[in-house]
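Colleague: Based on what follows, work out the 3D shape:
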Amino acid sequence: MEHLQALASGGTNHDDNCVACCKAVNRALGSMPLKAKIQVVLNQKGAFHCPNQAKAVPSPKTALPRAAAAKKVDALSLVIGNLKQRGASRPRTLKTLISTIAALLGQHKSTETPANLIEKLRVAGKLSISEGKVTYAL
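Modeller: As a prediction, this is how the structure comes out:
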C-alpha cells in the first residue's frame with residue numbers, strides 16, 4: 001500500500017490517502033511528496049513500468065527513480081522543506097533536531113552532515129539555538 005501523503009509527513013491510513021501497489025513501487029516512491037510521486041508517474045508517458053516486471057525493461061528516461069538516485073539532492077532545501085511540513089511538530093531540542101536531520105539525510109543518501117546543515121540554517125536565519133533549545137523562523 002502506498003500512502004499518497006507519507007505517514008512520516010502527517011499522512012493517514014484513511015482510504016483517501018492510500019492506493020494499492022506492489023512493494024517495488026512503494027519502495028521506489030518512498031516518502032516523496034505527492035507532487036514528486038505524480039511527476040514520476042507522468043514521466044512514464046502512459047507506459048508505466050513496474051520495477052517488478054522482469055519482461056518490461058524500462059529505458060533510462062522512463063525508469064522509476066529512487067528518491068536519491070534520480071538526481072543530486074539539495075540537502076539544505078530538503079531539510080527546510082521537511083521542517084516546514086512538520087509545522088508545530090518540529091524538533092524543539094538540538095539533540096532531536098540532529099537525529100531528525102540524520103534520519104532524513106540517510107533516506108536520501110546525502111553526504112552532508114547534520115551539524116553542517118544546522119550551521120547553514122542558523123547562518124541563513126532559519127533557526128536559532130539557545131541552551132539546547134531550537135526556535136524556527138521558517
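
Colleague: how many neighbours does residue 112 have?
Modeller: By other Cβ atoms under 10 Å, 17 other residues sit near residue 112. Every residue, glycine included, has its C-beta placed from N, CA and C.

Colleague: Show the contacting residues for it.
Modeller: 75, 76, 105 (Cβ atoms under 8 Å, 6 or more residues apart in numbering).

Colleague: Please check those and keep the buried ones.
Modeller: 75, 76, 105 (16 or more other Cβ atoms under 10 Å).

Colleague: Residue 20 and residue 26 touch, don't they?
Modeller: No. Counting by Cβ atoms under 8 Å, residue 20 stays clear of residue 26, with 9.9 Å between them.

Colleague: which residues do the two both contact?
Modeller: By Cβ under 8 Å, 6+ apart, the residues touching both residue 20 and residue 26 are 1, 2.

Colleague: shaky segments in the protein?
Modeller: 46-49, 51-73 (pLDDT under 70).
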